[in-house]
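Engineer: Provided below are the primary sequence and the corresponding predicted coordinates.
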Amino acid sequence: MPLVSMNEFLPKAKANKFAVGQFNMNNLEFAKAITEAAMAEKSPFIFGVSEGALKYMGIEYTVAIAEAAAKQSGLPIALHLDHGSTFEVAMKCIRAGFSSVMFDGSHHSFEDNIRLTKEVVKAARAMGVSVEGELGTIGGVEDDISVDEADAALAKPEEAIRFYEETGVDCVAIAVGTAHGMYKGEVKIRYDIIEEVAKAIPVPVVLHGGSGVPDEAIRLSIAAGVGKINVNTENQVACTEAIREVLNKDAKVYDPRKYLTPAKNAMVEVVRSKIQLFGSSNQA
Ligand SMILES: O=C(O)C[C@@H](O)[C@H](O)C(=O)COP(=O)(O)O
Ligand SMILES: [Zn+2]
């Protein structure tokens, strides 16, 4: 199966109240772990690739790995630019073979965010590529850029609704209390904001900062209208802990396969448990 746009599965997720996981791809082991987990769960999924990850992996390798995963698994997989910062980077990804892009205009003024997102939607739609927009400021560390949680600003429901109506995005990421990276304290999600926005628009709300959110909070978020959830940090932690454990046990190890295989297996466990929690098992 070729890579698909998120519209292959997000409308179904919205209608049937489940969420599709966006799992970030940072290297080949991440890609293989995510695909293996999704195959075991028969679940659609989204490969998220940040601009930093794109620089690290190279755009051609990234597309080739995602296409191989889609071909081998037969699953509906979207290859999605995560937190794209400009029109140009979104177009570069689409030209290279991405089936979906996020334009994150949340650092611009509200009116500029609408204007810039609309331009991306117009160009992407003509090529059958789905688009995610973002409103509000999500705290924490995103692709090495840190936003102090005190500076995070929750999305205003009326603005989120207007943002959807004017841009026509396929899903809307709104700041509702989650943060990127590991949580310092308890996460307090504004389910009321999710619900008000989700009821008023036909596309799903996206929850960024999905790592470390308690299971019950994830269930309540999905019930309120979240249909896409981003997870990266939990896989990074599982990967690194597994490698550290192998190296700590045996300082003489030099074959990368000896520590990357346990790292991949640890990520398979993380992704399978998230897919089960999000309710997307058997939805492929
Ligand atoms: O930082 C990245 O490279 C990706 C994240 O911004 C991603 O969009 C995300 O929301 C993951 O959240 P986390 O796993 O809770 O950090
Ligand atoms: Zn994010």
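Structural biologist: Great, that's in hand. Numbering: from 1, shown residues only. Ligands and ions are numbered 1, 2, ... in the order given.
Engineer: only C-alpha atoms for contact and neighbour calcs from this point on.
Structural biologist: Fine.
Engineer: buried residues of stretch 91-111, list them for me.
Structural biologist: Within stretch 91-111, the residues that qualify as buried are 91, 93-94, 97-106, counting by 16 or more other C-alpha atoms under 10 Å.
Engineer: mind putting these into JSON lines with secondary structure?
Structural biologist: As requested, these are arranged in JSON lines below (DSSP: H, G, I helix; E, B strand; the rest coil):
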{"residue": "91", "secondary structure": "helix"}
{"residue": "93", "secondary structure": "helix"}
{"residue": "94", "secondary structure": "helix"}
{"residue": "97", "secondary structure": "coil"}
{"residue": "98", "secondary structure": "coil"}
{"residue": "99", "secondary structure": "coil"}
{"residue": "100", "secondary structure": "strand"}
{"residue": "101", "secondary structure": "strand"}
{"residue": "102", "secondary structure": "strand"}
{"residue": "103", "secondary structure": "strand"}
{"residue": "104", "secondary structure": "coil"}
{"residue": "105", "secondary structure": "coil"}
{"residue": "106", "secondary structure": "coil"}
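Engineer: reformat those as CSV; add pLDDT and distance to ligand 1.
Structural biologist: Shown next, in CSV, are these (pLDDT from 0 to 100; distance: C-alpha to the nearest ligand atom, whole Å):
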residue, pLDDT, distance to ligand 1
91, 98, 19
93, 98, 16
94, 98, 18
97, 98, 20
98, 98, 16
99, 98, 17
100, 99, 14
101, 98, 12
102, 98, 9
103, 98, 12
104, 97, 10
105, 97, 14
106, 94, 13
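Engineer: can you pull out the low-pLDDT segments for the chain?
Structural biologist: 141-142, 144-152 (pLDDT under 70).
Engineer: picking that back up, of the buried residues of stretch 91-111, which pair is most distant in space?
Structural biologist: Within these, 97 and 106 form the most distant pair, 25.0 Å apart (C-alpha to C-alpha).
Engineer: which parts of the stretch 51-200 of the chain sit against ligand 1?
Structural biologist: Within reach of ligand 1 by C-alpha under 6 Å from any ligand atom, the stretch 51-200 of the chain has these residues: 82, 142-143, 180-181.
Engineer: recalculate using a threshold of 8 Å.
Structural biologist: Within the stretch 51-200 of the chain, the positions near ligand 1 by C-alpha under 8 Å from any ligand atom are 51-53, 82-83, 140-144, 178-182.
Engineer: around the closest residue to residue 140 other than its chain neighbours, how many other residues sit close by?
Structural biologist: Nearest non-adjacent residue to residue 140, counting by C-alpha to C-alpha, 6 or more residues apart in numbering: residue 180, 4.5 Å away. The number of residues packed near residue 180 is 23, by other C-alpha atoms under 10 Å.
Engineer: how much space is there between residue 180 and residue 233?
Structural biologist: Relative to residue 233, residue 180 is positioned 8 Å away (criterion: C-alpha to C-alpha, to the nearest Å).
Engineer: before we move on, what about residue 100?
Structural biologist: In terms of C-alpha to C-alpha, residue 100 sits 21 Å off from residue 233.
Engineer: and for residue 180 and residue 233, which residues touch both?
Structural biologist: Listed as contacting both residue 180 and residue 233 by C-alpha atoms under 8 Å, 6 or more residues apart in numbering are residue 211.
Engineer: just to revisit the earlier point, give the buried subset of the residues of the stretch 51-200 of the chain next to ligand 1 as a PyMOL selection command.
Structural biologist: The buried residues among those can be selected in PyMOL (16+ other C-alpha under 10 Å) with this line:
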select buried, resi 51+53+82+83+140+141+142+178+179+180+181+182
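Engineer: so which of the residues of the stretch 51-200 of the chain next to ligand 1 are in helices?
Structural biologist: 51-53 (DSSP state H).
Engineer: and residue 60, what does it touch?
Structural biologist: Neighbours of residue 60 in contact, by C-alpha under 8 Å, 6+ apart: residue 96.
Engineer: show me which residues of the helix or strand harbouring it are buried.
Structural biologist: If you go by DSSP states H and E, residue 60 is part of helix 59-73. Buried residues in helix 59-73, counted by 16+ other C-alpha under 10 Å: 59, 62-63, 65-70, 73.
Engineer: for stretch 217-227, same thing?
Structural biologist: 218-219, 221-227.
Engineer: off-centre distance for that stretch?
Structural biologist: Stretch 217-227 has its C-alpha centroid displaced from the chain centroid by 15 Å (C-alpha atoms, centre = their mean, to the nearest Å).
Engineer: longest single strand anywhere in the chain?
Structural biologist: strand 77-84 (DSSP state E).
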